[in-house]
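In: Sharing a model prediction with you, sequence too.
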Amino acid sequence: MARYVAAVDQGTTSTRCVIFDESFSVVAMDQKEHRQIYPRPGWVEHDPLEIWERTRDVIRGALDRAGVPPREIAAVGVTNQRETTVIWDRRTGRPYGPAIVWQDTRTAELCEELARDGGPDRFRDRTGLPVATYFSGPKIRWMLDHVPGLREDAWRGNALFGTVDTWLIWWLTGGPDGGVHVTDVTNASRTLLMNLHTLDWDEELLQAIGVPRAMLPRIRPSSDPAFYGSTRPDGPFGAAIPVCGDLGDQQAALVGQTCLAPGESKNTYGTGCFLLLHTGNRPVPSRKGLLTTVAYRLGESPAAYALEGSVAVAGALVQWLRDNLGLIERSAEIETLARSVEDSGGIYFVPAFSGLFAPHWNSKARGLIIGLTRYITKGHLARAVLEATAYQTREVVEAMTEDAGVGPAELKVDGGMVRNELLMQFQADILGIPVVRPAFTETTSLGAAYAAGLAAGVWPEPEGLRRHWQEDRRWTPQWDHARRDAAYRGWLKAVGRAVDWLD
(Lines give C-alpha, C1' and ligand atoms only; values in the text may rest on other atoms or scores of the structure.)
Protein backbone atom coordinates (compact mmCIF):
# COMPACT_ATOMS: atom_id res chain seq x y z
CA MET A 1 0.00 0.00 0.00
CA ALA A 2 1.23 3.52 -0.85
CA ARG A 3 2.47 5.20 2.34
CA TYR A 4 3.93 8.55 1.37
CA VAL A 5 2.89 11.92 -0.05
CA ALA A 6 5.17 14.18 -2.10
CA ALA A 7 4.91 17.99 -2.13
CA VAL A 8 6.46 20.05 -4.91
CA ASP A 9 6.97 23.54 -3.49
CA GLN A 10 7.95 26.04 -6.19
CA GLY A 11 8.81 29.40 -4.63
CA THR A 12 10.07 32.75 -5.83
CA THR A 13 13.74 31.94 -5.31
CA SER A 14 13.90 28.14 -5.16
CA THR A 15 12.11 24.85 -5.70
CA ARG A 16 11.92 21.97 -3.28
CA CYS A 17 10.40 18.53 -3.08
CA VAL A 18 9.44 17.21 0.35
CA ILE A 19 8.33 13.64 1.02
CA PHE A 20 6.10 13.07 4.04
CA ASP A 21 5.07 9.80 5.63
CA GLU A 22 1.62 8.95 7.04
CA SER A 23 2.43 10.56 10.39
CA PHE A 24 3.29 13.92 8.68
CA SER A 25 7.01 13.47 9.33
CA VAL A 26 9.53 14.62 6.72
CA VAL A 27 11.27 11.62 5.21
CA ALA A 28 13.45 13.57 2.78
CA MET A 29 13.78 16.96 1.10
CA ASP A 30 15.80 18.42 -1.75
CA GLN A 31 15.95 22.07 -2.78
CA LYS A 32 17.59 24.16 -5.53
CA GLU A 33 17.58 27.87 -6.30
CA HIS A 34 16.91 29.42 -9.70
CA ARG A 35 18.04 32.70 -11.22
CA GLN A 36 16.40 36.06 -10.54
CA ILE A 37 16.49 38.11 -13.74
CA TYR A 38 16.23 41.93 -13.66
CA PRO A 39 16.39 43.19 -17.27
CA ARG A 40 15.14 46.72 -16.44
CA PRO A 41 14.22 48.71 -13.34
CA GLY A 42 10.96 47.30 -11.98
CA TRP A 43 11.10 44.19 -14.19
CA VAL A 44 11.51 40.76 -12.55
CA GLU A 45 11.66 37.57 -14.62
CA HIS A 46 12.26 33.83 -14.26
CA ASP A 47 13.13 31.22 -16.88
CA PRO A 48 10.19 28.73 -16.93
CA LEU A 49 12.35 25.97 -18.42
CA GLU A 50 14.94 26.44 -15.67
CA ILE A 51 12.15 26.11 -13.08
CA TRP A 52 10.96 22.87 -14.71
CA GLU A 53 14.56 21.59 -14.76
CA ARG A 54 15.01 22.42 -11.08
CA THR A 55 11.70 20.71 -10.31
CA ARG A 56 12.84 17.50 -12.00
CA ASP A 57 16.14 17.66 -10.13
CA VAL A 58 14.63 18.09 -6.65
CA ILE A 59 12.03 15.36 -7.20
CA ARG A 60 14.75 12.88 -8.14
CA GLY A 61 16.95 14.16 -5.31
CA ALA A 62 14.23 13.75 -2.66
CA LEU A 63 13.35 10.26 -3.88
CA ASP A 64 17.03 9.24 -3.80
CA ARG A 65 17.51 10.59 -0.28
CA ALA A 66 14.34 8.94 0.97
CA GLY A 67 15.05 5.59 -0.63
CA VAL A 68 11.31 5.36 -1.30
CA PRO A 69 10.12 3.33 -4.31
CA PRO A 70 7.87 5.52 -6.52
CA ARG A 71 5.03 3.00 -6.21
CA GLU A 72 4.81 3.88 -2.50
CA ILE A 73 4.01 7.55 -3.22
CA ALA A 74 0.23 7.81 -2.89
CA ALA A 75 -0.23 11.38 -4.14
CA VAL A 76 1.52 14.52 -5.32
CA GLY A 77 0.62 18.04 -4.21
CA VAL A 78 1.89 21.23 -5.80
CA THR A 79 2.25 24.68 -4.26
CA ASN A 80 3.67 27.70 -6.02
CA GLN A 81 4.62 31.34 -6.12
CA ARG A 82 1.33 32.98 -7.06
CA GLU A 83 0.57 35.53 -9.82
CA THR A 84 3.83 34.78 -11.67
CA THR A 85 2.75 34.40 -15.29
CA VAL A 86 3.90 31.82 -17.83
CA ILE A 87 2.59 31.48 -21.41
CA TRP A 88 3.74 28.59 -23.57
CA ASP A 89 3.03 26.72 -26.80
CA ARG A 90 0.88 23.65 -26.14
CA ARG A 91 2.42 21.90 -29.17
CA THR A 92 6.07 22.18 -28.07
CA GLY A 93 6.11 23.32 -24.43
CA ARG A 94 8.32 26.26 -25.37
CA PRO A 95 7.55 29.47 -23.44
CA TYR A 96 6.74 32.57 -25.48
CA GLY A 97 9.07 34.52 -23.21
CA PRO A 98 10.33 34.70 -19.65
CA ALA A 99 7.90 34.26 -16.77
CA ILE A 100 6.79 37.66 -15.46
CA VAL A 101 7.18 37.45 -11.68
CA TRP A 102 4.58 38.68 -9.21
CA GLN A 103 6.92 41.50 -8.09
CA ASP A 104 7.23 42.91 -11.64
CA THR A 105 5.79 46.41 -12.24
CA ARG A 106 5.93 46.71 -16.04
CA THR A 107 2.12 46.72 -16.22
CA ALA A 108 1.79 49.98 -14.23
CA GLU A 109 0.59 52.03 -17.23
CA LEU A 110 -1.84 49.30 -18.27
CA CYS A 111 -3.24 49.16 -14.73
CA GLU A 112 -3.69 52.94 -14.74
CA GLU A 113 -5.55 52.61 -18.04
CA LEU A 114 -7.81 49.87 -16.64
CA ALA A 115 -8.50 51.98 -13.54
CA ARG A 116 -9.59 55.08 -15.46
CA ASP A 117 -13.09 53.67 -15.79
CA GLY A 118 -14.16 52.89 -12.23
CA GLY A 119 -10.95 53.48 -10.32
CA PRO A 120 -8.55 50.91 -8.85
CA ASP A 121 -11.49 49.07 -7.22
CA ARG A 122 -13.25 48.64 -10.58
CA PHE A 123 -13.24 44.81 -10.35
CA ARG A 124 -13.09 44.41 -6.55
CA ASP A 125 -16.74 43.32 -6.10
CA ARG A 126 -16.16 40.34 -8.41
CA THR A 127 -12.51 39.53 -7.74
CA GLY A 128 -11.78 40.88 -4.25
CA LEU A 129 -8.70 42.56 -5.75
CA PRO A 130 -7.66 46.07 -6.75
CA VAL A 131 -6.33 46.76 -10.24
CA ALA A 132 -2.59 46.40 -9.55
CA THR A 133 0.62 45.19 -11.18
CA TYR A 134 0.71 42.29 -8.69
CA PHE A 135 -1.89 40.14 -10.45
CA SER A 136 -1.68 37.84 -13.46
CA GLY A 137 -4.37 39.27 -15.74
CA PRO A 138 -2.51 42.48 -16.66
CA LYS A 139 0.71 40.46 -17.11
CA ILE A 140 -1.08 38.21 -19.65
CA ARG A 141 -2.37 41.27 -21.50
CA TRP A 142 1.12 42.81 -21.56
CA MET A 143 2.53 39.68 -23.19
CA LEU A 144 -0.33 39.54 -25.69
CA ASP A 145 0.44 43.16 -26.62
CA HIS A 146 4.23 42.78 -26.87
CA VAL A 147 5.05 39.25 -28.09
CA PRO A 148 4.67 38.95 -31.89
CA GLY A 149 2.18 36.26 -32.93
CA LEU A 150 1.11 35.44 -29.38
CA ARG A 151 -2.37 36.94 -29.61
CA GLU A 152 -3.18 34.93 -32.73
CA ASP A 153 -1.91 31.70 -31.13
CA ALA A 154 -3.95 32.47 -28.01
CA TRP A 155 -7.20 32.83 -29.94
CA ARG A 156 -6.47 29.58 -31.78
CA GLY A 157 -5.95 27.77 -28.45
CA ASN A 158 -2.28 27.03 -29.11
CA ALA A 159 -0.95 29.38 -26.43
CA LEU A 160 -1.57 28.31 -22.84
CA PHE A 161 -1.45 30.55 -19.78
CA GLY A 162 -0.70 29.35 -16.31
CA THR A 163 0.66 30.39 -12.97
CA VAL A 164 3.59 28.18 -12.01
CA ASP A 165 1.38 25.42 -10.59
CA THR A 166 -0.30 25.04 -13.98
CA TRP A 167 3.03 25.01 -15.80
CA LEU A 168 4.43 22.25 -13.54
CA ILE A 169 1.27 20.10 -13.48
CA TRP A 170 1.13 20.28 -17.29
CA TRP A 171 4.69 18.98 -17.55
CA LEU A 172 4.33 16.39 -14.75
CA THR A 173 1.29 14.87 -16.49
CA GLY A 174 2.79 14.71 -19.97
CA GLY A 175 3.52 18.17 -21.34
CA PRO A 176 2.93 18.27 -25.12
CA ASP A 177 1.94 14.58 -24.92
CA GLY A 178 -1.36 14.86 -23.05
CA GLY A 179 -0.46 17.17 -20.15
CA VAL A 180 -3.50 18.45 -18.24
CA HIS A 181 -4.08 22.21 -18.25
CA VAL A 182 -5.55 23.01 -14.82
CA THR A 183 -5.25 25.36 -11.88
CA ASP A 184 -7.00 25.51 -8.53
CA VAL A 185 -9.38 28.10 -7.10
CA THR A 186 -6.71 29.77 -4.94
CA ASN A 187 -4.38 30.51 -7.84
CA ALA A 188 -7.25 31.46 -10.13
CA SER A 189 -8.43 33.96 -7.52
CA ARG A 190 -5.14 35.88 -7.98
CA THR A 191 -5.55 36.66 -11.68
CA LEU A 192 -8.20 39.44 -11.73
CA LEU A 193 -10.06 37.12 -14.10
CA MET A 194 -12.00 34.76 -11.79
CA ASN A 195 -15.32 35.64 -10.18
CA LEU A 196 -15.09 34.97 -6.42
CA HIS A 197 -18.77 34.08 -6.27
CA THR A 198 -19.02 31.66 -9.24
CA LEU A 199 -15.44 30.31 -8.92
CA ASP A 200 -15.16 30.47 -12.72
CA TRP A 201 -13.58 32.73 -15.31
CA ASP A 202 -15.74 35.83 -15.76
CA GLU A 203 -16.53 36.80 -19.36
CA GLU A 204 -16.85 40.51 -18.59
CA LEU A 205 -13.50 40.53 -16.83
CA LEU A 206 -11.86 38.67 -19.71
CA GLN A 207 -13.27 41.19 -22.17
CA ALA A 208 -12.29 44.22 -20.08
CA ILE A 209 -8.69 43.10 -19.60
CA GLY A 210 -8.42 41.54 -23.07
CA VAL A 211 -7.61 37.90 -22.37
CA PRO A 212 -8.93 35.06 -24.60
CA ARG A 213 -10.67 32.32 -22.60
CA ALA A 214 -9.11 29.67 -24.87
CA MET A 215 -5.71 30.15 -23.20
CA LEU A 216 -6.95 29.70 -19.62
CA PRO A 217 -6.76 26.46 -17.58
CA ARG A 218 -9.73 24.65 -16.04
CA ILE A 219 -10.36 25.66 -12.42
CA ARG A 220 -10.45 22.72 -9.99
CA PRO A 221 -10.65 22.27 -6.19
CA SER A 222 -7.45 22.64 -4.18
CA SER A 223 -7.83 19.05 -2.97
CA ASP A 224 -9.43 16.96 -5.72
CA PRO A 225 -10.45 13.32 -5.15
CA ALA A 226 -11.13 13.10 -8.90
CA PHE A 227 -7.40 13.86 -9.48
CA TYR A 228 -6.11 16.39 -12.02
CA GLY A 229 -4.08 13.67 -13.74
CA SER A 230 -1.19 11.31 -13.08
CA THR A 231 2.56 11.77 -13.34
CA ARG A 232 4.22 10.06 -16.29
CA PRO A 233 6.24 6.89 -15.64
CA ASP A 234 8.98 8.34 -17.85
CA GLY A 235 9.00 11.58 -15.80
CA PRO A 236 10.94 12.50 -12.67
CA PHE A 237 8.73 10.47 -10.32
CA GLY A 238 9.25 7.34 -12.40
CA ALA A 239 5.67 6.10 -11.91
CA ALA A 240 2.04 7.02 -12.50
CA ILE A 241 1.08 8.88 -9.30
CA PRO A 242 -2.11 10.94 -8.82
CA VAL A 243 -1.58 14.70 -8.82
CA CYS A 244 -4.50 15.86 -6.70
CA GLY A 245 -3.43 18.80 -4.52
CA ASP A 246 -2.79 22.37 -5.69
CA LEU A 247 -2.63 25.56 -3.62
CA GLY A 248 -1.01 28.95 -3.98
CA ASP A 249 1.86 29.14 -1.52
CA GLN A 250 0.21 31.40 1.04
CA GLN A 251 -3.01 29.40 1.07
CA ALA A 252 -0.92 26.25 1.41
CA ALA A 253 0.73 27.76 4.49
CA LEU A 254 -2.72 28.58 5.92
CA VAL A 255 -3.71 24.91 5.52
CA GLY A 256 -0.32 23.74 6.80
CA GLN A 257 -0.84 25.82 9.94
CA THR A 258 -4.28 24.12 10.26
CA CYS A 259 -6.05 27.50 10.19
CA LEU A 260 -9.25 25.78 9.10
CA ALA A 261 -11.81 27.79 11.07
CA PRO A 262 -13.00 31.41 10.77
CA GLY A 263 -10.90 33.83 12.79
CA GLU A 264 -7.65 31.84 12.58
CA SER A 265 -4.66 33.54 10.94
CA LYS A 266 -1.05 33.02 9.96
CA ASN A 267 1.82 35.12 8.63
CA THR A 268 4.46 33.72 6.28
CA TYR A 269 7.88 35.40 6.16
CA GLY A 270 9.49 34.58 2.83
CA THR A 271 10.59 36.66 -0.14
CA GLY A 272 7.52 38.73 0.66
CA CYS A 273 5.33 38.65 3.74
CA PHE A 274 1.75 37.39 3.63
CA LEU A 275 -0.83 37.44 6.41
CA LEU A 276 -4.11 35.55 5.89
CA LEU A 277 -7.21 35.53 8.09
CA HIS A 278 -9.78 32.76 7.54
CA THR A 279 -13.23 34.39 7.11
CA GLY A 280 -15.46 31.34 6.52
CA ASN A 281 -17.52 30.33 3.50
CA ARG A 282 -18.24 33.81 2.22
CA PRO A 283 -15.97 36.47 0.80
CA VAL A 284 -15.58 39.47 3.11
CA PRO A 285 -14.95 42.75 1.22
CA SER A 286 -12.09 44.93 2.43
CA ARG A 287 -12.34 48.64 3.04
CA LYS A 288 -8.73 48.99 4.16
CA GLY A 289 -6.63 47.89 1.20
CA LEU A 290 -6.57 44.15 1.87
CA LEU A 291 -7.32 41.39 -0.62
CA THR A 292 -10.33 39.11 -0.52
CA THR A 293 -9.17 35.74 -1.77
CA VAL A 294 -10.07 32.05 -1.82
CA ALA A 295 -8.40 30.25 1.09
CA TYR A 296 -8.95 26.70 -0.23
CA ARG A 297 -11.58 24.33 -1.53
CA LEU A 298 -11.51 20.70 -0.40
CA GLY A 299 -13.28 18.43 -2.88
CA GLU A 300 -16.89 19.43 -3.48
CA SER A 301 -17.19 21.28 -0.16
CA PRO A 302 -17.92 25.02 -0.34
CA ALA A 303 -14.87 27.20 -0.81
CA ALA A 304 -13.34 28.88 2.24
CA TYR A 305 -12.30 32.51 1.91
CA ALA A 306 -9.69 34.74 3.53
CA LEU A 307 -8.60 38.33 3.92
CA GLU A 308 -4.97 38.78 2.95
CA GLY A 309 -2.37 41.45 3.47
CA SER A 310 0.48 41.12 0.97
CA VAL A 311 3.87 42.74 1.58
CA ALA A 312 6.15 42.72 -1.46
CA VAL A 313 9.57 42.76 0.22
CA ALA A 314 10.55 40.91 3.40
CA GLY A 315 13.25 38.24 3.03
CA ALA A 316 14.11 39.82 -0.32
CA LEU A 317 15.44 42.81 1.64
CA VAL A 318 17.89 40.56 3.49
CA GLN A 319 18.99 39.13 0.12
CA TRP A 320 19.50 42.69 -1.14
CA LEU A 321 21.70 43.48 1.85
CA ARG A 322 23.68 40.32 1.06
CA ASP A 323 23.88 40.44 -2.74
CA ASN A 324 23.80 44.15 -3.58
CA LEU A 325 25.68 45.66 -0.64
CA GLY A 326 27.76 42.68 0.49
CA LEU A 327 27.30 43.50 4.18
CA ILE A 328 26.75 39.80 4.96
CA GLU A 329 27.83 36.62 3.20
CA ARG A 330 24.87 34.47 4.25
CA SER A 331 21.32 35.57 5.01
CA ALA A 332 21.46 33.98 8.49
CA GLU A 333 24.29 36.37 9.45
CA ILE A 334 21.93 39.34 9.58
CA GLU A 335 20.75 38.45 13.08
CA THR A 336 24.30 38.52 14.48
CA LEU A 337 24.98 41.85 12.75
CA ALA A 338 21.70 43.33 14.00
CA ARG A 339 22.41 42.18 17.57
CA SER A 340 25.67 44.18 17.53
CA VAL A 341 23.58 47.27 18.33
CA GLU A 342 20.77 47.86 20.82
CA ASP A 343 18.32 49.43 18.36
CA SER A 344 18.13 50.85 14.83
CA GLY A 345 19.60 54.20 15.86
CA GLY A 346 16.51 56.09 14.76
CA ILE A 347 16.59 54.99 11.10
CA TYR A 348 13.78 53.39 9.11
CA PHE A 349 14.11 51.37 5.90
CA VAL A 350 11.02 51.37 3.66
CA PRO A 351 11.69 48.60 1.08
CA ALA A 352 9.38 49.83 -1.68
CA PHE A 353 11.55 48.39 -4.45
CA SER A 354 8.49 47.57 -6.57
CA GLY A 355 6.05 49.99 -4.98
CA LEU A 356 4.03 49.24 -1.85
CA PHE A 357 1.47 46.46 -1.58
CA ALA A 358 -1.15 46.20 1.21
CA PRO A 359 -2.58 48.35 2.55
CA HIS A 360 -1.25 51.15 0.31
CA TRP A 361 -1.23 49.66 -3.23
CA ASN A 362 1.02 52.44 -4.47
CA SER A 363 3.08 51.40 -7.50
CA LYS A 364 4.83 54.81 -7.59
CA ALA A 365 6.45 54.38 -4.17
CA ARG A 366 10.16 53.61 -4.03
CA GLY A 367 12.48 52.47 -1.29
CA LEU A 368 14.21 54.80 1.15
CA ILE A 369 16.39 54.84 4.24
CA ILE A 370 15.61 57.84 6.43
CA GLY A 371 16.88 59.23 9.72
CA LEU A 372 20.57 58.79 8.86
CA THR A 373 23.25 60.41 11.03
CA ARG A 374 27.00 59.86 11.39
CA TYR A 375 26.19 57.59 14.33
CA ILE A 376 24.69 54.92 12.07
CA THR A 377 26.67 51.72 11.43
CA LYS A 378 26.02 48.63 9.35
CA GLY A 379 24.57 47.04 12.49
CA HIS A 380 21.87 49.71 12.65
CA LEU A 381 21.15 49.18 8.96
CA ALA A 382 20.79 45.41 9.52
CA ARG A 383 18.43 46.01 12.41
CA ALA A 384 16.31 48.43 10.34
CA VAL A 385 16.10 45.80 7.60
CA LEU A 386 14.58 43.29 10.03
CA GLU A 387 12.30 45.86 11.64
CA ALA A 388 10.88 46.82 8.22
CA THR A 389 9.25 43.39 7.92
CA ALA A 390 7.67 43.68 11.38
CA TYR A 391 6.40 47.21 10.76
CA GLN A 392 4.82 46.19 7.46
CA THR A 393 3.14 43.28 9.23
CA ARG A 394 1.66 45.64 11.82
CA GLU A 395 0.20 47.79 9.02
CA VAL A 396 -1.55 44.70 7.67
CA VAL A 397 -2.80 43.61 11.11
CA GLU A 398 -4.25 47.07 11.77
CA ALA A 399 -6.10 47.04 8.44
CA MET A 400 -7.31 43.47 9.02
CA THR A 401 -8.62 44.34 12.47
CA GLU A 402 -10.68 47.20 11.04
CA ASP A 403 -12.07 45.05 8.21
CA ALA A 404 -12.90 42.00 10.32
CA GLY A 405 -13.95 43.91 13.44
CA VAL A 406 -11.57 41.96 15.64
CA GLY A 407 -7.81 41.49 15.75
CA PRO A 408 -5.85 38.26 16.20
CA ALA A 409 -5.21 37.16 19.77
CA GLU A 410 -1.91 35.68 18.64
CA LEU A 411 -0.05 35.31 15.35
CA LYS A 412 1.07 31.95 13.98
CA VAL A 413 4.20 32.41 11.90
CA ASP A 414 6.13 30.35 9.38
CA GLY A 415 8.66 30.65 6.56
CA GLY A 416 12.42 30.99 6.46
CA MET A 417 12.69 34.24 8.43
CA VAL A 418 11.01 32.87 11.57
CA ARG A 419 14.29 31.28 12.59
CA ASN A 420 15.48 34.84 13.25
CA GLU A 421 14.61 35.18 16.92
CA LEU A 422 15.46 38.89 17.09
CA LEU A 423 12.89 39.55 14.37
CA MET A 424 10.25 37.41 16.09
CA GLN A 425 10.71 39.25 19.40
CA PHE A 426 10.48 42.62 17.66
CA GLN A 427 7.35 41.42 15.86
CA ALA A 428 5.69 40.58 19.17
CA ASP A 429 6.82 43.92 20.63
CA ILE A 430 5.46 46.05 17.80
CA LEU A 431 2.16 44.11 17.55
CA GLY A 432 1.53 43.76 21.27
CA ILE A 433 0.40 40.12 20.92
CA PRO A 434 2.20 36.76 21.20
CA VAL A 435 3.96 35.36 18.14
CA VAL A 436 3.92 31.55 17.85
CA ARG A 437 6.27 29.41 15.76
CA PRO A 438 5.30 25.80 14.92
CA ALA A 439 7.64 22.85 15.28
CA PHE A 440 7.70 22.45 11.49
CA THR A 441 8.11 25.88 9.91
CA GLU A 442 7.95 24.91 6.22
CA THR A 443 4.17 24.85 6.35
CA THR A 444 3.78 25.69 2.66
CA SER A 445 5.05 22.23 1.66
CA LEU A 446 3.00 20.67 4.45
CA GLY A 447 -0.21 22.33 3.21
CA ALA A 448 0.32 20.99 -0.32
CA ALA A 449 0.90 17.52 1.12
CA TYR A 450 -2.26 17.81 3.25
CA ALA A 451 -4.34 18.72 0.19
CA ALA A 452 -3.00 15.80 -1.86
CA GLY A 453 -3.13 13.30 0.99
CA LEU A 454 -6.74 14.19 1.83
CA ALA A 455 -7.75 13.73 -1.81
CA ALA A 456 -6.01 10.37 -2.06
CA GLY A 457 -7.38 9.06 1.26
CA VAL A 458 -4.02 8.96 3.05
CA TRP A 459 -5.60 11.12 5.77
CA PRO A 460 -9.33 10.74 6.39
CA GLU A 461 -10.57 14.24 7.27
CA PRO A 462 -9.20 17.79 7.63
CA GLU A 463 -9.87 18.26 11.36
CA GLY A 464 -7.61 15.32 12.14
CA LEU A 465 -4.69 17.41 10.92
CA ARG A 466 -4.98 19.70 13.95
CA ARG A 467 -3.80 17.00 16.33
CA HIS A 468 -0.45 16.91 14.56
CA TRP A 469 0.28 20.66 14.76
CA GLN A 470 2.85 21.40 17.47
CA GLU A 471 4.12 24.65 18.93
CA ASP A 472 7.88 25.16 19.02
CA ARG A 473 8.33 28.59 20.61
CA ARG A 474 6.27 31.60 21.70
CA TRP A 475 7.40 35.23 21.97
CA THR A 476 5.46 37.62 24.22
CA PRO A 477 5.57 41.44 23.97
CA GLN A 478 8.13 43.24 26.15
CA TRP A 479 7.37 46.84 25.16
CA ASP A 480 4.78 49.06 26.78
CA HIS A 481 2.05 50.79 24.80
CA ALA A 482 3.82 54.17 24.59
CA ARG A 483 7.08 52.77 23.21
CA ARG A 484 5.21 50.62 20.70
CA ASP A 485 3.15 53.50 19.35
CA ALA A 486 6.08 55.93 19.17
CA ALA A 487 8.11 53.51 17.06
CA TYR A 488 5.15 52.82 14.79
CA ARG A 489 4.44 56.53 14.28
CA GLY A 490 8.01 56.93 13.03
CA TRP A 491 7.45 54.11 10.56
CA LEU A 492 4.27 55.68 9.18
CA LYS A 493 6.10 58.98 8.79
CA ALA A 494 8.83 57.24 6.77
CA VAL A 495 6.27 55.48 4.58
CA GLY A 496 4.66 58.84 3.91
CA ARG A 497 7.96 60.03 2.39
CA ALA A 498 8.21 56.97 0.12
CA VAL A 499 4.76 56.99 -1.48
CA ASP A 500 4.28 58.57 -4.91
CA TRP A 501 8.03 59.05 -5.39
CA LEU A 502 7.68 58.53 -9.15
CA ASP A 503 5.90 61.22 -11.15
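Out: Perfect, thanks for sending it.
In: residue ranges with poor pLDDT in the stretch 151-300 of the chain?
Out: Nowhere does the stretch 151-300 of the chain drop to pLDDT under 70.
In: Let me see the ranges of the strands in it.
Out: In the stretch 151-300 of the chain, the segments counted as strands under DSSP state E, counting those that start in this stretch are 159-162, 182-184, 194-195, 200-201, 218-220, 229-230, 242-248, 265-269, 273-280, 291-296.
In: Partner strands of the third one and their direction?
Out: Applying DSSP bridges, strand 194-195 is found paired with strand 200-201 (antiparallel).
In: Ok, the fifth one next?
Out: Partner strands for strand 218-220, per DSSP bridges, with pairing direction: strand 182-184 (parallel).
In: how close does residue 79 get to residue 11?
Out: Look at residue 79 and residue 11: by Cβ to Cβ, to the nearest Å, they are 8 Å apart. C-betas here are computed from N, CA, C, even on glycine.
In: Check this protein for its longest helix and report it.
Out: Across the chain, the longest stretch assigned as helix under DSSP state H is helix 378-404.
In: re earlier: between residue 79 and residue 11, which contacts overlap?
Out: Taking Cβ atoms under 8 Å, 6 or more residues apart in numbering as the contact rule, residue 79 and residue 11 both touch 249, 444.
In: what about residue 409, neighbour count?
Out: Residue 409 is flanked by 9 other residues according to other Cβ atoms under 10 Å.
In: Can you name the residues that contact it?
Out: Listed by Cβ under 8 Å, 6+ apart, the contact set of residue 409 reads 433-434.
In: Can you check my assumption that residue 54 lies in a helix?
Out: Yes - under DSSP: H, G, I helix; E, B strand; the rest coil, residue 54 sits within a helix.
In: Give me the distance between residue 231 and residue 79.
Out: Using Cβ to Cβ, residue 231 is found at 16 Å from residue 79.
In: count of residues packed around residue 188?
Out: For residue 188, the neighbour count with other Cβ under 10 Å is 26.
In: If we ignore the residues flanking it in sequence, what's nearest it?
Out: residue 194 (4.2 Å; Cβ to Cβ, 6 or more residues apart in numbering).
In: about what we covered before: which one of the strands of the stretch 151-300 of the chain has the most crowded surroundings?
Out: Of the strands of the stretch 151-300 of the chain, the one with the most neighbours on average (mean count of other Cβ atoms under 10 Å) is strand 242-248, at a mean of 30.
In: Run the angle between that strand and strand 273-280 for me.
Out: 110 degrees (axes from the mean of the first three to the mean of the last three Cα atoms, to 10 degrees).
In: For strand 242-248, name the packing helices and strands.
Out: strand 73-80, helix 164-172, strand 182-184, helix 185-188, strand 229-230, helix 443-456 (3 or more Cβ pairs under 8 Å, 6 or more residues apart in numbering; DSSP states H and E).
In: Of these, which is nearest residue 384?
Out: helix 443-456 (27.3 Å; Cβ to Cβ).
In: Now do that closest one, average pLDDT.
Out: Helix 443-456 carries an average pLDDT of 93.
In: and that helix, how far out from the chain's middle?
Out: 16 Å (Cα atoms, centre = their mean, to the nearest Å).
In: Does anything pack onto that helix? Which helices or strands?
Out: Applying 3+ Cβ pairs under 8 Å, 6+ apart, we find helix 443-456 packed against strand 4-10, strand 14-20, strand 73-80, strand 242-248, helix 249-256, strand 265-269.
In: wait, what's in contact with residue 244?
Out: By Cβ under 8 Å, 6+ apart, the contact list for residue 244 reads 75-77, 223-228, 451-452, 455-456.
In: are any of those buried, and which?
Out: Buried members of the contacts of residue 244, counted by 16 or more other Cβ atoms under 10 Å: 75-77, 223-224, 227-228, 451-452, 455-456.
In: Need those residues in a markdown table (columns: distance to residue 7).
Out: Output for these, formatted as a markdown table (distance: Cβ to Cβ, whole Å):
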| residue | distance to residue 7 |
| --- | --- |
| 75 | 10 |
| 76 | 8 |
| 77 | 5 |
| 223 | 13 |
| 224 | 15 |
| 227 | 16 |
| 228 | 15 |
| 451 | 9 |
| 452 | 7 |
| 455 | 13 |
| 456 | 13 |
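In: Now the phi/psi pair for residue 471, please.
Out: With angles defined as degrees, to the nearest 10, residue 471 sits at phi -80, psi 140.
In: And the pLDDT for it?
Out: 88.
In: Assess the claim that it and residue 434 are in contact.
Out: No - counting by Cβ atoms under 8 Å, residue 471 does not reach residue 434; the two are 10.4 Å apart.
In: Run the chain-centre distance for stretch 261-277.
Out: Mean-position distance between stretch 261-277 and its chain equals 10 Å (Cα atoms, centre = their mean).
In: do stretch 222-233 as well
Out: Distance of stretch 222-233 from its chain centroid, counting by Cα atoms, centre = their mean, is 22 Å.
In: Just the terminal-to-terminal distance for that stretch.
Out: End-to-end distance of stretch 222-233 (Cα to Cα, to the nearest Å): 24 Å.
In: got the contact list for it?
Out: 76, 169, 172-174, 177, 179-180, 182, 184-186, 220, 237, 239-247, 251, 255, 296-299, 450-452, 454-457.
In: burial count for residue 341?
Out: 18.
In: Contacts only, for the nearest residue to it once chain neighbours are set aside.
Out: Leaving aside its chain neighbours, residue 341 sits nearest to residue 379 (4.0 Å; criterion: Cβ to Cβ, 6+ apart). Counting by Cβ under 8 Å, 6+ apart, residue 379 touches 337-341.
In: In these, which residue is surrounded by the most others?
Out: Using other Cβ under 10 Å as the neighbour criterion, residue 338 leads the contacts of residue 379 with 24 neighbours.
In: Quick check: that one touching residue 377?
Out: No - at 10.9 Å, residue 338 and residue 377 do not qualify as touching, with contact defined as Cβ under 8 Å.
In: So what's the residue count around residue 117?
Out: Other residues within reach of residue 117, judged by other Cβ under 10 Å, total 8.
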